[in-house]
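In: Here is the input, now give the coordinates:
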Amino acid sequence: MGFSAKQVQALRRSLNGRHIRTREVSGRELSYIEGWYAISEANRIFGFDAWSRETVETRSVLMRENRGSFLAVYIAKVRITVHADGTTVIREGHGSGEGRGTSPGEVHDIALKAAETDATKRALATFGKPFGLELYRKDKGHAFERSPTLQPTMGGQPPRLGLHPDDTTPIPRPSHYYGRRHQGSMTELLRRDQEEATKDNAPLLTSAAPALTPAKIDKSQLAIAEPKRLRDKAHLKFVASQPCLVCGRQPSDPHHLRFVQPRAIGLKVSDEFTVPLCRTHHRQLHQAGDERAWWKDRQINVLEVARGLWERSRATFSAVDSDGG
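Out: Numbering: from 1, shown residues only. Alright, predicted model coming up:
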């Protein structure tokens, strides 16, 4: 008695690399899965009515205030209960979370939710690979389903994506890499590997006809077009100078609307789809599972706002250029 054959098969399946998110912490690139995805997988594998989550304990371990800016840090303990064919499986996990902002109540709320989410993910990870168990490993042998765009490195080792946000272990490098130890981000490692591959194939490229040299193409003109992702630092600075769309506070962060264009590994949506949010609401939005619903609840036509900001910044910078500024 216990999990069905279908559930066991799902629990043995490796985590798909496209569900892994990365961020920089203290100069290191760390990876994790989002809380909404872990809960979604639990619903899919266990069943919507066959598991439950209980927050057993929460505690505020730090609260600071500096000139109207607040910081709160919480720890939480969460218990996961799964009912499988007459058997009850109980797992627990601990987590931590922090909140920053100008509203004490909101800061505590953000920190508490972040701690509960972190504890939930750790408890679910004990069930296996679909919940990011491999992300906690500190060796080189991370097992997950790679996206087709991710290739092994020149040293035969796969690029390391398997890091939990709390794991600060440096990304490993092959021992022969440039003849010395080198630390950097996964993106930097892949770039250097590509340079090495180009050097190794230099004789073949030299002997090939010039017409065979790959040229950059406009992928938006293909039969199945790839959306353009424009990059404009001046526009991002302009957006950051605007008040927060939700509360009107400043300064703001330029937030990219993730749902506008298809997701791509390591690529944000085009800078034209950017709106201003204060740090508090920016953090809130990134913790929300459904960005469209988040904006809809606040009755904000965010696409229209982004379009208007883009047109205003284009007009502003065009006027400056025409004046010779």
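
In: Go ahead and confirm residue 125 touches residue 119.
Out: No: using C-beta atoms under 8 Å as the test, residue 125 is too far from residue 119 to be in contact (10.6 Å). For glycine as for every other residue, the C-beta is placed from the backbone atoms N, C-alpha and C.

In: residues shared between the contacts of the two?
Out: Overlap of the contact sets of residue 125 and residue 119 (by C-beta atoms under 8 Å, 6 or more residues apart in numbering) consists of residue 93.

In: higher neighbour count, the two?
Out: Legend: neighbour count by other C-beta atoms under 10 Å for residue 125 and residue 119, higher for residue 119 (29 against 21).

In: Give me the pLDDT value at the more buried one.
Out: On the pLDDT scale, residue 119 is placed at 94.

In: how close does it sit to residue 28?
Out: Counting by C-beta to C-beta, to the nearest Å, the gap from residue 119 to residue 28 is 23 Å.

In: What count of nearby residues applies to residue 13?
Out: 14.

In: Revised request: answer the last question for residue 307.
Out: Residues lying near residue 307 (other C-beta under 10 Å) number 13.

In: quick one: what helix or strand has residue 286 in it?
Out: Element membership for residue 286 (DSSP states H and E) is helix 279-287.

In: now swap in residue 308 and tell me
Out: Assigned by DSSP H and E, residue 308 falls in helix 302-322.

In: Check which helices and strands that helix sits against.
Out: Under the contact criterion of 3 or more C-beta pairs under 8 Å, 6 or more residues apart in numbering; DSSP states H and E, helix 302-322 touches helix 233-240, strand 274-277.

In: Tabulate these (a markdown table), appending mean neighbour count, distance to residue 32 and mean pLDDT.
Out: Shown next, in a markdown table, are the helices and strands packed on helix 302-322 (neighbours: other C-beta atoms under 10 Å; distance: least, C-beta to C-beta, whole Å; pLDDT from 0 to 100):
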| stretch | mean neighbour count | distance to residue 32 | mean pLDDT |
| --- | --- | --- | --- |
| helix 233-240 | 16 | 25 | 90 |
| strand 274-277 | 25 | 22 | 93 |
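
In: before we move on, back to that, mean confidence score for the helix holding residue 286?
Out: Averaging pLDDT along helix 279-287 yields 87.

In: what packs against the very next helix or strand once past it?
Out: Moving toward the C-terminus from helix 279-287, the next helix or strand (DSSP H and E) is helix 291-297. With contacts defined as 3+ C-beta pairs under 8 Å, 6+ apart, the packing partners of helix 291-297 are helix 279-287.

In: Now the helix it packs on: buried residues?
Out: The neighbour-count check on helix 279-287 (16 or more other C-beta atoms under 10 Å) flags 279, 280, 281, 282, 283, 284, 285, 287 as buried.

In: Was I right to think the first one contacts residue 101?
Out: Yes: between residue 279 and residue 101 there is a contact at 6.3 Å, judged by C-beta under 8 Å.

In: The spatially closest residue to residue 250 that is not a sequence neighbour and residue 126: what is the separation?
Out: Excluding the flanking residues, the one nearest residue 250 by C-beta to C-beta, 6 or more residues apart in numbering is residue 243, at 5.3 Å. Separation of residue 243 from residue 126 (C-beta to C-beta): 44 Å.

In: same thing with residue 75?
Out: Residue 75 sits 18 Å away from residue 126, going by C-beta to C-beta.

In: same check, this time on residue 28
Out: 25 Å.

In: Over to residue 51?
Out: In terms of C-beta to C-beta, residue 51 sits 13 Å off from residue 126.

In: Also residue 229?
Out: 38 Å.

In: what does the average pLDDT come to for stretch 57-75?
Out: Averaging pLDDT along stretch 57-75 yields 92.

In: Tell me the buried residues in that stretch?
Out: Residues of stretch 57-75 classed as buried by neighbour count (16+ other C-beta under 10 Å): 58, 70, 72, 73, 74, 75.

In: May I have the phi/psi pair for the last one?
Out: Main-chain dihedrals, residue 75, degrees, to the nearest 10: phi -120, psi 150.

In: Now it. Nearest residue, chain neighbours left out?
Out: What sits nearest to residue 75 in space, not counting adjacent residues and going by C-beta to C-beta, 6+ apart, is residue 96, at 4.9 Å.
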